[in-house]
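Undergrad: no sequence for this one, just the structure:
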């Protein structure tokens, strides 16, 4: 009986200690990439606040955060939620140089990615991204934009995927009247975004907006 009580006390003490662990320590232990920064990290792993979060210079906003050791056994998962930034939610895990971001939700505009295009609303839901260094291993999620009324263009739907180590975003309007693809190089210190393919209608529209269509890179 004494042994059981000691074991129960030890388990309870360990649980309390983990719950009170500063999020700053958990953030460092999780091995979050250095280009994912915050000006201030306060609170415990149970309830924390990350201020002025940015990724490669792109401002993402302020986040409520919590960490877990049970969502993915053997790895520390940091859950992020924001009410006002472009990145509304994500769960981030790192291990052996790899980073997995799941349950990604983004609310932003098309022009945030391609400044020459209209500021139509763009959302990503159910996003998932796995990186090894800067190489894209797997990606997924559903993209949607609002209609671009000033350009007399319909809404676009799309998806994320990986090709040749790069993140690709594929867009198409209803009936594929307009379609184009973006390649996002995450290996570069500053992520580059290029339009790498477009059907004839989209090519004419993009050219009129001053957006070049580059040839896609081929894997060696």
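TA: Done, it's in. A quick note: this is a predicted structure, and the numbers were derived from the prediction, not measured.
Undergrad: Show me how the chain divides into domains.
TA: With automatic domain parsing as the criterion, the domains of the chain are listed as 1-82, 96-220.
Undergrad: of all those domains, which lies closest to residue 89?
TA: Of all the domains of the chain, domain 96-220 sits nearest to residue 89, with 4.3 Å by Cβ to Cβ. Any C-beta I mention is one placed from the backbone N, CA and C, and that applies to glycine too.
Undergrad: This protein: helices as residue ranges?
TA: 2-19, 23-29, 200-208 (DSSP state H).
Undergrad: any idea which of the ones you listed scores lowest on pLDDT?
TA: For the helices of the chain, mean pLDDT drops lowest on helix 2-19, to a mean of 34.
Undergrad: What are the boundaries of the strands in the chain?
TA: With DSSP state E as the criterion, the chain has strands at 36-37, 40-43, 48-55, 58-68, 77-81, 87-95, 98-109, 121-132, 135-145, 156-163, 166-173, 179-185, 192-198.
Undergrad: Dump those strands into CSV; add mean pLDDT and distance to residue 115 as well.
TA: CSV is the format used below for these (pLDDT from 0 to 100; distance: least, Cβ to Cβ, whole Å):
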stretch, mean pLDDT, distance to residue 115
strand 36-37, 78, 23
strand 40-43, 84, 29
strand 48-55, 84, 18
strand 58-68, 84, 13
strand 77-81, 86, 26
strand 87-95, 86, 19
strand 98-109, 91, 10
strand 121-132, 94, 13
strand 135-145, 95, 15
strand 156-163, 95, 17
strand 166-173, 94, 16
strand 179-185, 91, 13
strand 192-198, 90, 10
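Undergrad: quick one, which of the ones you listed is nearest to residue 24?
TA: Of all those, strand 40-43 comes closest under Cβ to Cβ, at 4.5 Å.
Undergrad: helices and strands around the closest one, which ones?
TA: Packing partners of strand 40-43 (3 or more Cβ pairs under 8 Å, 6 or more residues apart in numbering; DSSP states H and E): helix 23-29, strand 48-55.
Undergrad: and residue 127, how many neighbours?
TA: 22 (other Cβ atoms under 10 Å).
Undergrad: Now do the buried residues in stretch 138-152.
TA: For stretch 138-152, burial by neighbour count (16 or more other Cβ atoms under 10 Å) applies to 139, 141, 143, 145, 146, 148.
Undergrad: So what does residue 210 look like in phi/psi?
TA: Note on residue 210: backbone dihedrals following degrees, to the nearest 10 are phi 80, psi 20.
Undergrad: Setting aside sequence neighbours, what's the nearest residue to it?
TA: Distances taken as Cβ to Cβ, 6 or more residues apart in numbering place residue 116 nearest to residue 210, at 5.0 Å, with adjacent residues excluded.
Undergrad: Once you drop chain neighbours, what's closest to the most centrally placed residue in the chain?
TA: The residue lying closest to the centre of the chain (Cα atoms, centre = their mean) is residue 104, at 5.6 Å. Spatial nearest neighbour of residue 104, excluding adjacent residues (Cβ to Cβ, 6+ apart): residue 127 at 2.9 Å.
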